[in-house]
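Asks: Predicted coordinates and the sequence they were generated for:
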Amino acid sequence: MKDVFITANNIISPLGFTCEANISQITKGESGIALHDTIGSSPCYASLINDDKLNHEFNKIGDVDIYTKLEKMMILSLQDTISQSAFPISDKTALVIATTKGNIDALHNNFAPERAYLPVLGEKIKKFFGFKNEPIVISNACVSGILSVAVAKRLIQNDYYDNAFIVGGDIVSEFTLSGFQSFQAISEKPCKPFSKHRNGITIGEAAASIAITNQRSKKGNIQVIGDGSCNDANHISGPSRDGEGLYKSVVSALQEAKITSETIDYISAHGTATQFNDEMEAIAFNRLKLEQTPLNSLKGYYGHTLGASGLLEAIVGIHTMKNNMLYTSLGMDELGVSVPLNIIKQNKKAEINTVLKTASGFGGCNTAIIFKKLTYEK
């Protein structure tokens, strides 16, 4: 089976419009979460990208008036990743788009309602960059971002494509906010993953992108060595209480990677800060004998960015390996799950060569991917 590598990446978020800017803010413990009164019927905490800054940057490459906010975020992210990439767009290049709700705001703004259709979103991005193949849209709740990496990896390994560009993104809208409010799942304060005092999620918006290929570059290679996905079929909005779906996903990824759980140096968890998600993840990691492995959730920096979250957090995991730096799990104070976990409470230097990224979502979906650092040339 062919080896598959990630060779370029970008993050567009409230913390910055490059990976370097984002990592710098995470290193300082800065969060993009703030109190906003522009969504919903009352003020709430969320992580929002500034519209003026987004339009200022997008105006350098396109017309700000003919694209939706999500389209501008995704295009900006892809523009940066494509500019870094060692391979050009060809007839063997896939475009993979990950999102949970897409242009849902098109139902309430000045754009035609048809812009809310996911294929239309894909077509807009395809035409902007001149991709030769039809977009592949992955919309599987909150695992969409990380699942897109698994899908692209398998397409490349089975010779459908030589390489791919993946972009994930979601925005904060009244629609998504009201949906989580109906579950009473929105935190009254910035979210606190795995904390005893957690009481729900904080929603956020971001776009992230990567270049993935079967060709190893001269430096900065990250290899995707294993993936697994499993649906626990438990409940439309609640995970299996024993973490069965996540457990099986990680086992599958470990088997493909031909490694044991002891090899994992760091876990980038889903960590939504809801009562059931964090408890389920903790149980699954203990079943896998990963309770001593350093772990964090990045939701305290970004909020829950839905379909973008898995891809965004995987990219931060890549920079964790590159920098050999474990980053604080922001919002963590007192452990609030029933089994032990090694939550990262302060930035710490460590040799990080193998990273496990997990995600779980509505409908019982679970995905795990394992990344391995090869050689970084200074």
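Replies: Structure's in. What do you need? Because the structure is a prediction, the values reported are computed rather than measured.
Asks: In a strand, Gly168, correct?
Replies: Yes - the assignment for Gly168 (DSSP: H, G, I helix; E, B strand; the rest coil) places it in a strand.
Asks: Give the full set of residues in contact with Ala308.
Replies: By CB atoms under 8 Å, 6 or more residues apart in numbering, the residues touching Ala308 are Ala98, Thr99, Gly145, Gly168, Gly169, Asp170, Glu205, Ala206, Ala207, Ala208. Yep, even glycine has a C-beta here, placed from its N, CA and C like the rest.
Asks: rerun at 7 Å
Replies: Gly145, Gly168, Gly169, Asp170, Ala206, Ala207, Ala208 (CB atoms under 7 Å, 6 or more residues apart in numbering).
Asks: Show residues contacting the helix or strand of the chain with the lowest mean pLDDT.
Replies: One helix or strand of the chain scores below all others by mean pLDDT, DSSP states H and E: helix 174-182, with a mean of 89. Helix 174-182 is contacted from outside by Ile39, Gly40, Cys44, Lys101, Ile104, Ile186, Ile201, Ile203, using CB under 7 Å, 6+ apart.
Asks: Let's have these in a markdown table, adding pLDDT, secondary structure and distance to Pro340.
Replies: Formatted as a markdown table, the contacts of helix 174-182 follow (pLDDT from 0 to 100; DSSP: H, G, I helix; E, B strand; the rest coil; distance: CB to CB, whole Å):
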| residue | pLDDT | secondary structure | distance to Pro340 |
| --- | --- | --- | --- |
| Ile39 | 87 | coil | 37 |
| Gly40 | 77 | coil | 37 |
| Cys44 | 95 | strand | 33 |
| Lys101 | 95 | coil | 35 |
| Ile104 | 94 | helix | 39 |
| Ile186 | 94 | strand | 28 |
| Ile201 | 96 | strand | 24 |
| Ile203 | 97 | strand | 29 |
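Asks: Format these as TSV; extra columns: distance to Asn22 and neighbour count.
Replies: Output for the contacts of helix 174-182, formatted as TSV (distance: CB to CB, whole Å; neighbours: other CB atoms under 10 Å):
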residue	distance to Asn22	neighbour count
Ile39	23	18
Gly40	26	16
Cys44	23	19
Lys101	22	20
Ile104	25	19
Ile186	24	22
Ile201	20	24
Ile203	18	30
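Asks: who does the helix or strand just after the least confident helix or strand of the chain touch, helix- and strand-wise?
Replies: Later in the chain than helix 174-182, the nearest helix or strand by DSSP states H and E is strand 203-204. Packed against strand 203-204 by the contact rule (3 or more CB pairs under 7 Å, 6 or more residues apart in numbering; DSSP states H and E) you find strand 44-47, helix 174-182.
Asks: Now tell me what touches strand 203-204 from outside.
Replies: By CB under 7 Å, 6+ apart, strand 203-204 touches Gly32, Ala46, Ser47, Val172, Thr176, Leu177, Phe180, Tyr302, Gly303, His304, Thr305.
Asks: So for Tyr376, what's the pLDDT?
Replies: If you check Tyr376, the pLDDT there is 53.
Asks: likewise Phe128?
Replies: 98.
Asks: residues contacting it?
Replies: The neighbours of Phe128, taking CB under 7 Å, 6+ apart as the test, are Ile75.
Asks: which residues does Pro135 contact?
Replies: Leu95, Ile97, Gly122, Glu123, Ile125, Lys126.
Asks: now swap in His270 and tell me
Replies: Asn277, Glu281, Thr358, Ala359, Ser360.
Asks: Mind doing that once more with 10 Å?
Replies: 142-143, 146, 193, 239, 246, 277-278, 280-281, 297-299, 304, 309-310, 313, 357-361, 366-367 (CB atoms under 10 Å, 6 or more residues apart in numbering).
Asks: do the same with Pro190
Replies: Pro190 neighbours (CB under 10 Å, 6+ apart): 31-35, 45-47, 202, 273, 299-301, 303, 330-331.
Asks: Below-threshold pLDDT in the stretch 251-378 of the chain: ranges please.
Replies: Low-confidence segments of the stretch 251-378 of the chain, defined by pLDDT under 70: 376-378.
Asks: at 50 instead, please
Replies: The model of the stretch 251-378 of the chain has pLDDT under 50 over residues 378.
Asks: how about the strands of it, start to end?
Replies: Ranges of strands in the stretch 251-378 of the chain, per DSSP state E, counting those that start in this stretch, are 266-268, 294-296, 325-326, 342-343, 348-349, 354-361, 365-373.
Asks: what does the stretch 51-200 of the chain give?
Replies: 93-98, 136-138, 163-170.
Asks: how distant is the longest one from the center of its chain?
Replies: Put plainly, it is strand 163-170. 10 Å (CA atoms, centre = their mean, to the nearest Å).
Asks: Give me the helices and strands touching that strand, please.
Replies: strand 5-12, helix 69-84, strand 93-98, helix 118-129, strand 136-138, helix 144-157, strand 206-213, helix 309-323 (3 or more CB pairs under 10 Å, 6 or more residues apart in numbering; DSSP states H and E).
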